[in-house]
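Enquirer: structure, please.
(chains A and B)
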There are 2 protein chains.
Amino acid sequence: MAGKYDFLLVSNRPRCESFIEDVMGKEPVFICVVATTETAKIPGLSAAGKYPELTDYTPPADVELIFYGGCRCIQGVPVTPEGIPTPALITMSALKLAEIPCFVVSGGLRVKPHLPIVEVGGKHGFDIRTGKAVEGVEEIVDRARVAGESFSKVADYLVIGESIPGGTTTALGVMLAMGVDARGKVSSSMPSNPHQLKLKVVEEGMSSAGIGFGDFREDGLRAVACVGDPMIPAFAGLVLGAAGRVPVMLAGGTQMGAVLSFVKAMDPRMLRNLVVGTTRWIVEDSTSDLKGIVRQIGRVGVLAADLDFSGSKHAGLRAYEDAVVKEGVGAGGVCIAAMLKSRGLITKESLLREVEKNYRRLVA
Amino acid sequence: MAGKYDFLLVSNRPRCESFIEDVMGKEPVFICVVATTETAKIPGLSAAGKYPELTDYTPPADVELIFYGGCRCIQGVPVTPEGIPTPALITMSALKLAEIPCFVVSGGLRVKPHLPIVEVGGKHGFDIRTGKAVEGVEEIVDRARVAGESFSKVADYLVIGESIPGGTTTALGVMLAMGVDARGKVSSSMPSNPHQLKLKVVEEGMSSAGIGFGDFREDGLRAVACVGDPMIPAFAGLVLGAAGRVPVMLAGGTQMGAVLSFVKAMDPRMLRNLVVGTTRWIVEDSTSDLKGIVRQIGRVGVLAADLDFSGSKHAGLRAYEDAVVKEGVGAGGVCIAAMLKSRGLITKESLLREVEKNYRRLVA
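Expert: Predicted structure coming up:
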């Protein structure tokens, strides 16, 4: 069935197939959860911004790009230090081709986008080395859950993505605190994945909080409060509010392991109605292991958009094939949703053409 | 056609009929626009709160009531000084019976509800006697317009209501600045409508701003900035973003005159896709004149829910028949939408039964 679609069934094939059957041709809503954490400003950790100080601007710029086809809070679009453009470019292109409606939920930001945003009561996250990473986690989850319920009533299914620089490090923190061994398994937007630095930062945070591996296996709230980020409880709250009513695709890479762990601890029944939707670049990445993370949490289907930018005329897009940026802002999941909504009329070729068009307009 | 429905076609019947035909049996989304203005704290102006100082809590409490079936930021529910409960009780009952999804948009609040809220960049309004009532009006409109576009993609039509204590005075200000003679025509939640005081407050604001009647006929932005409130641009922005795509019901009383004037000045074509939905208590109110306001603006249909609380066992509900509270929080429009969605299965009787049940639980 998926043969004619440009996505791959990566893990837990029956769960993937049942999801696809449920949502084929249906109307999704995309929700982008944005947040920032001071953790992203630790030198060498994140490439989601040209300089560490610019990471505060990356999530608002990403969602402005999605809504307006261009950023307002910065000039140009977010790029890595190597000049590779944000995956929001892919998300924007797929949303546009498939006419998928979009909303922004803020877990907590320093810089607000020039957009309507759903606030769930959080503020930006702190450096996890303090062991006090996020304030008011429970309130964020509660309010995001209400938002998830509301969104589940206006869509056939939800696709939820994220934009938070430094997010794989905080996700690693939450997973380790919750007993998921994600050491060496989270991905990176840098050319060489700084696993040692990420682990050192997380270990410093866990030490400051006085906790060890798996101490918060059942308590995502405290795991996030100590070594997480505000995106995770906002994202998980949306999932918890929605997945009892409609299927939900978690559109992201290895950070989804932290969201899944959190959701599982709060309500394990919800896992049945979830899949992870990501990119081929993530599942083929030799420096990370999404499948190995998901396997530790539960039988959750993993789908990957079979994007192929190798034939692009633009070096900035071909760079995606070098497994540098790979994923973010829900790019992979939104591409899959675009293919499903269009019943396969939207393909990796038409997606690349649209991405290239937007790339030329915005970057080249 | 409307004979079997418990609502009245009050003005511009063909527009009402075409709206009803468009939306019958369809799926609405209700959006409640909340804001506060310091104007509400002028003694004798607003009854939307037991004391003037409590008006900051009324909009958040209203939307908490809608979402949770009870308030969180205050004990009990908002009441007038006479103890008459907020019309949010009616809204909540109708939303529940008809299973209508709901979102909250904040134009600008002092007190945040324990809920996810869509922020559009505004802060609470100032006392209009200063002539500097609202900051950043254009930004509020722009962001609310984007939100309206998004909501229009996930609903067959929108029903938009408001909660802002003191809102009829600020609406009067905007209407006078825009050349709509609403003197003696706006309604009130007080037993005797303090028209003289409202006009005095507005005239003081217009004098501070150095403007006269009709000076801002084409410029709602400046009218709101001088003598309006933050609800109006947020509400109008939602309408402007949505009404090009789906029908929109403005669920409210005489304040809708300010929203309509603002929308008309920005894009008069939008008026064709709007109706006002209110209560019989508003259209029968001898101290105000909604029809006389709408007539000055354009051929916009006005519908009224034919609610009848005269037979209620509860004095607090029978008081609605004395034309005290009359309308608010989208009560009338949401009742009409509930009747339309259910194709007449929801009636004024079933609505009263549900309202009484909730009244007993929350107030009695």
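Enquirer: for the lowest-mean-pLDDT helix or strand in chain A, packing partners?
Expert: In chain A, no helix or strand scores lower on mean pLDDT, DSSP states H and E than helix A:315-318, which sits at a mean of 92. Secondary-structure packing of helix A:315-318 (3 or more Cβ pairs under 8 Å, 6 or more residues apart in numbering or on different chains; DSSP states H and E): helix A:348-362. All C-beta atoms are positioned from the backbone trio N, CA, C, and that covers glycine.
Enquirer: what is the burial count for A:Glu21?
Expert: Using other Cβ atoms under 10 Å in any protein chain shown, A:Glu21 has 9 other residues around it.
Enquirer: strands along the stretch 1-150 of chain A, start to end?
Expert: Applying DSSP state E, counting those that start in this stretch to the stretch 1-150 of chain A gives strands spanning A:7-11, A:28-35, A:102-108, A:117-119.
Enquirer: just checking, what packs against the shortest one?
Expert: To tie it back to what came earlier, the one meant is strand A:117-119. Checking 3+ Cβ pairs under 8 Å, 6+ apart, strand A:117-119 ends up next to strand A:102-108, strand B:117-119.
Enquirer: ok, now which ones touch the residue of chain A most remote from its centre?
Expert: Within chain A, A:Gly210 marks the point farthest from the mean C-alpha position, 28.3 Å out by Cα atoms, centre = their mean. Applying Cβ atoms under 8 Å, 6 or more residues apart in numbering or on different chains to A:Gly210 gives the contacts A:Gly131.
Enquirer: for chain B, give me its nearest residue in the stretch 251-364 of chain A.
Expert: The nearest approach of the stretch 251-364 of chain A to chain B comes at A:Lys341, 12.6 Å away (Cβ to the nearest Cβ).
Enquirer: next, count neighbours for A:Leu54.
Expert: 19.
Enquirer: contact partners for it?
Expert: A:74, A:78.
Enquirer: could you list the low-pLDDT ranges of chain A?
Expert: Along chain A, segments meeting pLDDT under 70 span A:1-3, A:49, A:364.
Enquirer: tell me how far A:Ser189 lies from B:Thr91.
Expert: 46 Å (Cβ to Cβ, to the nearest Å).
Enquirer: these two: which is more packed in?
Expert: With neighbours defined as other Cβ under 10 Å, A:Ser189 and B:Thr91 compare such that B:Thr91 has more, 32 against 24.
Enquirer: now do the contacts for the more buried one.
Expert: Going by Cβ under 8 Å, 6+ apart, the list of residues near B:Thr91 reads B:30, B:32, B:62, B:66, B:161, B:329-331, B:334.
Enquirer: turn the helices and strands packed on strand A:117-119 into JSON lines, including distance to A:Arg222.
Expert: Converted to JSON lines, these look like this (distance: least, Cβ to Cβ, whole Å):
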{"stretch": "strand A:102-108", "distance to A:Arg222": "17"}
{"stretch": "strand B:117-119", "distance to A:Arg222": "26"}
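Enquirer: please identify the deepest-packed of those.
Expert: Ranked by mean neighbour count under mean count of other Cβ atoms under 10 Å in any protein chain shown, the helices and strands packed on strand A:117-119 are led by strand A:102-108, which reaches a mean of 28.
Enquirer: which other helices and strands contact that one?
Expert: strand A:28-35, helix A:58-68, strand A:117-119, helix A:137-152, helix A:231-242.
Enquirer: run the angle between the longest one and strand A:28-35 for me.
Expert: When axes from the mean of the first three to the mean of the last three Cα atoms, to 10 degrees is applied, the directions of helix A:137-152 and strand A:28-35 differ by 160 degrees.
Enquirer: pull the residues that contact helix A:137-152.
Expert: A:29, A:31, A:103, A:105, A:107-108, A:118, A:120-122, A:134, A:158, A:221-222, A:224-225, A:228, A:230, A:233-246, A:266, B:67, B:101-103, B:114-116.
Enquirer: which of those residues are buried?
Expert: A:29, A:31, A:103, A:105, A:107-108, A:118, A:120-122, A:134, A:158, A:221-222, A:224-225, A:228, A:230, A:233-243, A:245-246, A:266, B:67, B:101-103, B:114-116 (16 or more other Cβ atoms under 10 Å in any protein chain shown).
Enquirer: what is the burial count for the nearest residue to A:Lys26 once chain neighbours are set aside?
Expert: Take A:Lys26 and drop its neighbours on the chain: the residue closest to it by Cβ to Cβ, 6 or more residues apart in numbering or on different chains is A:Asp156, 3.6 Å away. Neighbours of A:Asp156 under the rule other Cβ under 10 Å: 15.
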